[in-house]
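Undergrad: Got a predicted model here, sequence first, then my questions.
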Amino acid sequence: MTGRITGTGSWVPEHILDNDALSNMVDTNDQWIRERTGVERRHIVWQETTARMAAKAAQRALEQAQVDPEEVDLILVATISGNEILPCTACSVQEMLGAVRATCFDLNSACTGFLFALNTAQAYLNSGIYRNALVIGAESLSNLTNWKDRGTCILFGDGAGAVFLEADEKSRYAQVTHSEGEKGRALTCSSRNQKQYVEHPDAQETYMEMDGREVFKFAVSCVPQVIRELLEKEKLSGEEIRFYILHQANIRIIQSVAKRLGEAEEKFPVNIQEYGNTSGASVPILLDELNRKGCFKAGDKLVLAAFGAGLSYGASLLEWK
């Protein structure tokens with residue numbers, strides 16, 4: 001039994017911070033950002049919460065699947081930026097949707113989070129424990145961003161994407177994942193624990209910190225590697241893949257992955273120019289946009305791939321129905 005995607009949804013804040021506006025906050029400019037990242041603007045939470053964005057994306061996925069919230073068995077939210085430690089974001093989403101039957105929990109794997117959450121949901125459906133699942137990636141990264149650090153603030157944005165899965169005997173799904181904890185210091189965000197702030201009352205706010213060069217090198221190496229591993233495992237050639245839907249971290253990374261795989265860039269759709277890096281939300285937002293544009297047809301084979309903090313990376317194959 002495999003989970004078939006029967007609905008997708010996404011939601012982003014209305015407030016937009018473009019490169020020109022950002023250049024008034026930090027020493028940078030539009031051309032510099034575009035050339036190095038591909039980002040032109042990003043959507044930033046104003047009064048929204050991570051849970052509220054997740055619930056709006058999930059509601060759209062349920063509407064497309066024509067499923068009532070009361071029918072949902074499982075809600076998984078991939079996030080590193082919930083507004084509260086307790087309750088978990090998934091339980092807040094359950095309350096907002098009225099999905100009273102659902103079991104709910106969050107999953108933390110940063111930019112790889114949605115992919116890992118999708119794998120987790122597939123395992124539950126495959127085992128027969130649940131018959132359906134809402135899988136959501138939602139991030140308010142602007143709350144974790146140092147807006148004085150031009151090495152990171154140019155990259156990140158906020159948003160949420162969701163898919164609804166229903167158990168299906170004829171669907172196809174496969175995955176390959178890896179983690180390399182010894183490289184984890186390349187991308188970090190410290191916790192604001194109370195002891196730290198009692199002992200150091202003048203401590204700075206805690207923000208994401210990234211060794212951009214190290215993460216870039218990791219991504220352009222590991223993503224093609226894990227995609228090849230997945231295709232070999234499934235005995236598929238690149239010609240049989242309709243789209244490669246990659247985590248939207250940097251346009252140069254996506255272009256490098258396409259080149260290393262020997263595939264046309266047209267098979268690697270992008271929306272990083274509009275949203276920036278939304279971490280665990282980027283893959284489901286892009287998936288929803290492509291779905292609603294009618295880009296998929298029955299039988300299309302899609303590869304989803306992501307990489308992120310941990311460091312972790314993975315690729316999944318699904319066949320569109």
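TA: Now that the structure is in, tell me what you want to look at. Numbering: from 1, shown residues only.

Undergrad: Report whether the expected contact of Leu230 with Val176 is present.
TA: Yes. Between Leu230 and Val176 there is a contact under CB atoms under 8 Å: 4.6 Å. Where C-beta positions appear, they are placed from N, C-alpha and C, glycine not excepted.

Undergrad: what touches both of these two?
TA: Common contact partners of Leu230 and Val176 (CB atoms under 8 Å, 6 or more residues apart in numbering): 315-316.

Undergrad: Distance check, the residue in the chain sticking out farthest from the centre against Glu209.
TA: In the chain, Glu199 marks the outermost C-alpha relative to the chain mean, sitting 35.4 Å out by CA atoms, centre = their mean. Between Glu199 and Glu209 the computed distance is 21 Å (CB to CB, to the nearest Å).

Undergrad: Angles on the backbone of Glu289, please.
TA: Main-chain dihedrals, Glu289, degrees, to the nearest 10: phi -60, psi -40.

Undergrad: Likewise for Ile241?
TA: Per-residue torsions, Ile241: phi -90, psi 130 (degrees, to the nearest 10).

Undergrad: what's the answer for Leu165, then?
TA: According to degrees, to the nearest 10, Leu165 has phi -110, psi 140.

Undergrad: what's the answer for Ile44, then?
TA: Taking degrees, to the nearest 10, you get phi -120, psi 130 for the backbone angles of Ile44.

Undergrad: per-residue pLDDT, it?
TA: pLDDT for Ile44: 98.

Undergrad: Would you check that it makes contact with Glu14?
TA: No. Ile44 lies out of contact with Glu14 (CB under 8 Å); the separation is 9.5 Å.

Undergrad: The two: who's more crowded?
TA: Under the neighbour definition other CB atoms under 10 Å, Ile44 and Glu14 were set side by side, and Ile44 has more, 22 against 9.

Undergrad: what residues are up against that one?
TA: Per CB under 8 Å, 6+ apart, neighbours of Ile44: 13, 15-17, 142, 157-158.

Undergrad: what do you get for Gly137?
TA: 77-79, 113-114, 117, 160-162, 278-285.

Undergrad: mean confidence for the strand or helix carrying it?
TA: Element membership for Gly137, per DSSP states H and E: strand 132-140. What strand 132-140 shows for mean pLDDT is 98.
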